[in-house]
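Chemist: Sharing a model prediction with you, sequence too.
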Amino acid sequence: ETDGDGDVPWASGHSAFGGFLVKTGPVNRYIHDPSNWSNGRWIVPLGSSGHPGSPHFSDQQEMWAKVETIPQLWDWDEIATTAETTQHLLPG
């Protein structure tokens, strides 16, 4: 069950005719707290990597299906201490 308009975190849509079967919904879900960016949350339907061989290719799928979220990190020190891997892009 969801309430609100198209700007709520779990916005969804249904046809006005023939029942209330949900036909549209968010793909990526973001919740921002401008008063404290560290309270931000997000989730994507598969994972944060676009590489099929990565362990992060589909590691958010189950959480997304359960309408759960994960922290959205904004503090560089927190990012550095919690990062599992790093990637450096160099010019060719």
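Modeler: Perfect, thanks for sending it. Numbering: from 1, shown residues only.
Chemist: Regarding the protein, what is its longest helix?
Modeler: In the chain, assigned by DSSP state H, the helix with the most residues is helix 76-82.
Chemist: Measure how far that one is from the centre of its chain, please.
Modeler: Relative to the centre of its chain, helix 76-82 is centred 19 Å away, using Cα atoms, centre = their mean, to the nearest Å.
Chemist: Which residues belonging to stretch 23-38 are considered buried?
Modeler: Neighbour-count burial for stretch 23-38 flags 26, 29 (criterion: 16 or more other Cβ atoms under 10 Å). The C-beta positions use only the backbone N, C-alpha and C, and glycine is treated the same way.
Chemist: Mind exporting the C-alpha coordinates of stretch 53-69 to PDB?
Modeler: Taking Å, rounded to 0.1, in the frame of the first residue of the first chain, the C-alpha atoms of stretch 53-69 are listed here in PDB:
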ATOM      1  CA  GLY A  53      31.400 -10.900 -13.000                       C
ATOM      2  CA  SER A  54      31.300  -8.500 -10.000                       C
ATOM      3  CA  PRO A  55      29.900  -9.700  -6.600                       C
ATOM      4  CA  HIS A  56      28.000  -6.300  -6.600                       C
ATOM      5  CA  PHE A  57      26.200  -7.000  -9.900                       C
ATOM      6  CA  SER A  58      23.000  -8.300  -8.200                       C
ATOM      7  CA  ASP A  59      23.700  -8.000  -4.500                       C
ATOM      8  CA  GLN A  60      20.900  -5.600  -3.900                       C
ATOM      9  CA  GLN A  61      18.200  -7.500  -5.800                       C
ATOM     10  CA  GLU A  62      16.600  -9.200  -2.800                       C
ATOM     11  CA  MET A  63      16.600  -6.100  -0.700                       C
ATOM     12  CA  TRP A  64      15.100  -4.100  -3.600                       C
ATOM     13  CA  ALA A  65      12.300  -6.700  -3.900                       C
ATOM     14  CA  LYS A  66      11.500  -6.400  -0.100                       C
ATOM     15  CA  VAL A  67      11.400  -2.500  -0.400                       C
ATOM     16  CA  GLU A  68      14.500  -2.200   1.800                       C
ATOM     17  CA  THR A  69      17.200   0.400   1.500                       C
END
